[in-house]
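Visitor: A structural model of the following input is requested.
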Amino acid sequence: METINTLEEFYEQISEDIKQTHIQFIAEAGSGKTSSLRTILQYCKDKNKDIVFKIFDISVAWWHKAPCQHRQEVTPQNLATLPNLEDCVYDIGLLDEIQQRYFVARIVQEDYLNRYFIEKNHPERLKEMPNIVYVFEECNIYFDSSSINRKDMPGDIFTKFLSVGRNFKLRGFLVATAEIGEVSTRIRRRSRKIYGKLISDSDLAGVKRKDKTWVAKLENMPKYNFVYNVGRKFYGPFRIPDSVTHTPVDFVVKFNPHDAVPMVVEPEKVNKWKWWFYGVLSVLGVIVGLFFMAAIAFSGI
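Guide: Model prediction:
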């Protein structure tokens, strides 16, 4: 990478980098993170036909506008069985943080294990599969130090995702209001950053260590304006418009009438003569049984 001077070059660089590394999207609340990220995702999808997105939405910000084919509402009742779709907005706002963490881990784990065994047994097939890019809103729920270091299923799969997800074409945009204090050092070392307006003293101090000339600029960054940080270099700022108008479609499991089991609408008619015959046979059986019992009893006298 030599330089990034225009918005088009910025989009181009992001669309290539997201296939190789994680990207953090960091700015204070109300700075236009979601609307600007929508536009970035749309460009990535238009540029790369081998990219699909899975967006974990906790604020309904993606429900009505997102560059995804489908949307699904996740509830405490369906979080374990909801279909894992390749291009989908998952509304997880009805879940508490524990449930959000487990649902997101479940989706990532399914993708990870599926691609792990494909790579192990049919590596040529993995090359033909699309890159899966996750969008983690409030990423501290999943990727702060506490979550990553926890000895449970989500902690384990998030660690694998950060460490070797690239091997299976799994990457992510991590959205947060602050980097230091909200994102584990494991991912800070493994990602590039898009910065908007920063108010965290610790984040501004981190920027100062890279290039002190950017501290004042980021502290006063206008809404919808962002810079791209790679190592110690900063590119921008770029004003990113909200240009996405597509509304995802509700995913509905369609009913197939051929899979239905026929039901008997009317009860079967009772054959009275058949049951009369069964009754007579039962009576005769009792009489015969009594006869033999009597014969045995009298023969012993």
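Visitor: now the helices for the stretch 51-200 of the chain?
Guide: Residue ranges of the helices in the stretch 51-200 of the chain, as given by DSSP state H, counting those that start in this stretch, are 97-121, 123-128, 140-143, 145-149, 153-164, 185-188.
Visitor: which of the ones you listed sits most buried?
Guide: helix 140-143 (a mean of 24; mean count of other C-beta atoms under 10 Å). (Glycine included, C-beta is placed from N, CA and C.)
Visitor: And the contacts of that helix?
Guide: Identification of contacts with helix 140-143 by C-beta atoms under 8 Å, 6 or more residues apart in numbering yields 97, 100-101, 104-105, 136, 147, 154, 158, 162, 174, 176, 182-184, 187.
Visitor: hmm, which two among these are most spread apart?
Guide: Greatest spatial distance among the contacts of helix 140-143 (C-beta to C-beta): 97 and 162, at 19.4 Å.
Visitor: any idea which of the contacts of helix 140-143 is closest to residue 280?
Guide: Out of these, the member with the shortest distance to residue 280 (by C-beta to C-beta) is residue 105, at 67.9 Å.
Visitor: unless I'm mixing things up, the closest one is touching residue 159, no?
Guide: No. With contacts counted by C-beta atoms under 8 Å, residue 105 stays clear of residue 159, the gap being 10.7 Å.
Visitor: quick one: secondary structure of the nearest residue to residue 43 once chain neighbours are set aside?
Guide: With C-beta to C-beta, 6 or more residues apart in numbering as the criterion, residue 43 has its nearest non-adjacent residue at 4.3 Å, and that residue is residue 11. Counting by DSSP: H, G, I helix; E, B strand; the rest coil, the backbone at residue 11 sits in helix.
Visitor: for residue 11, what are its contacts?
Guide: Here residue 11 is in contact with 40, 43-44, 47 (criterion: C-beta under 8 Å, 6+ apart).
Visitor: Just those: which are in helices?
Guide: Counting by DSSP state H, these place 40, 43-44, 47 in helices.
Visitor: For residue 70, give the beta-bridge partners.
Guide: Note on residue 70: beta-bridge partners by DSSP bridges are residue 88, residue 249.
Visitor: if we can go back for a sec, now which of the ones in helices among the contacts of residue 11 would you call buried?
Guide: In the ones in helices among the contacts of residue 11, burial by neighbour count holds for 40, 43-44, counting by 16 or more other C-beta atoms under 10 Å.
Visitor: ok, residue 176 touching residue 138?
Guide: Yes. Counting by C-beta under 8 Å, residue 138 is a contact partner of residue 176 at 7.1 Å.
Visitor: Compare these two (neighbour count), which wins?
Guide: residue 176 (23 against 17; other C-beta atoms under 10 Å).
Visitor: Can you give the distance from stretch 200-209 to the centre of its chain?
Guide: Computed by C-alpha atoms, centre = their mean, to the nearest Å, the chain-centroid distance of stretch 200-209 equals 31 Å.
Visitor: Likewise for stretch 45-63?
Guide: Mean-position distance between stretch 45-63 and its chain equals 10 Å (C-alpha atoms, centre = their mean).
Visitor: How about stretch 65-80?
Guide: Worked out by C-alpha atoms, centre = their mean, stretch 65-80 lies 9 Å from the chain centre.
Visitor: buried stuff in that stretch?
Guide: Neighbour counts over stretch 65-80 (16+ other C-beta under 10 Å) mark 65-74, 79 as buried.
Visitor: Kindly report the same for stretch 238-249.
Guide: 238, 240, 244, 248.
Visitor: Would you report which members of these are assigned to strands?
Guide: residue 238 (DSSP state E).
Visitor: Sort the buried residues of stretch 238-249 by pLDDT and name the bottom one.
Guide: Lowest pLDDT within the buried residues of stretch 238-249 is found at residue 244 (92).
Visitor: Chain neighbours aside, what residue packs nearest to that residue?
Guide: Spatially, and ignoring its direct neighbours in sequence, residue 244 is nearest to residue 38 (4.3 Å; C-beta to C-beta, 6+ apart).
Visitor: now, which of the ones in helices among the contacts of residue 11 sits nearest residue 193?
Guide: Residue 193 has its nearest neighbour among the ones in helices among the contacts of residue 11 in residue 40, at 13.4 Å by C-beta to C-beta.
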